[in-house]
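# Sequence first, predicted model second:
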Amino acid sequence: MPSAAETDHELAAHARQVAIFRAMTPQQRLAQALRMNRTMRELMAAGFRQRQPEWTEAQVRHAVADRILHAATG
């Protein structure tokens, strides 16, 4: 059910995205999910590096893992 804040453009974009994913093979969907996960981790790490420039790469990796492990969903 779309929210009141969603525009026609957003709804059309979402419908197009769903159609693209449905047209993919299971292998393509898995590859895309892995790319999206890697990108999310890279962006999160970049954010930690920007906010905590003194951290080592090990500390950044630990912070990313901790954030993912304790993320709230829902």
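Yes, it's here. Residues are numbered from 1 along each chain as shown.
# Just give me the longest helix of this structure.
helix 26-51 (DSSP state H).
# Let me know the distance separating the residue lying farthest from the centre of the chain from residue 13.
Outermost residue of the chain with respect to the C-alpha centroid, by Cα atoms, centre = their mean, is residue 54; its distance is 25.4 Å. Taken as Cβ to Cβ, to the nearest Å, the spacing of residue 54 relative to residue 13 amounts to 40 Å. Using the backbone N, CA and C atoms, a C-beta is placed for each residue, glycine as well.
# Residue 58 too?
According to Cβ to Cβ, residue 58 stands 39 Å off from residue 13.
# picking up where we left off before, so is the residue farthest from the centre of the chain in a helix, a strand, or just coil?
Judged by DSSP: H, G, I helix; E, B strand; the rest coil, the three-state class of residue 54 is coil.
# Please shift the residue numbers so they start at 598 in all later answers.
Happy to do that; since the first residue is 598 now, the last one works out to residue 651.
# State the distance from it to residue 657.
Summarising the geometry, the distance separating residue 651 from residue 657, computed by Cβ to Cβ, is 11 Å.
# With residue 650 instead?
For residue 650 relative to residue 657 (Cβ to Cβ), the value is 10 Å.
# Those two: which is more packed in?
Neighbours were counted for residue 650 and for residue 657 using other Cβ atoms under 10 Å; residue 657 has more, 17 against 7.
# Report the contact partners of that one.
Taking Cβ atoms under 8 Å, 6 or more residues apart in numbering as the definition of contact, the neighbours of residue 657 are 642, 645-646, 649.
# per-residue confidence at it?
Confidence per residue is given as pLDDT, and for residue 657 that number is 98.
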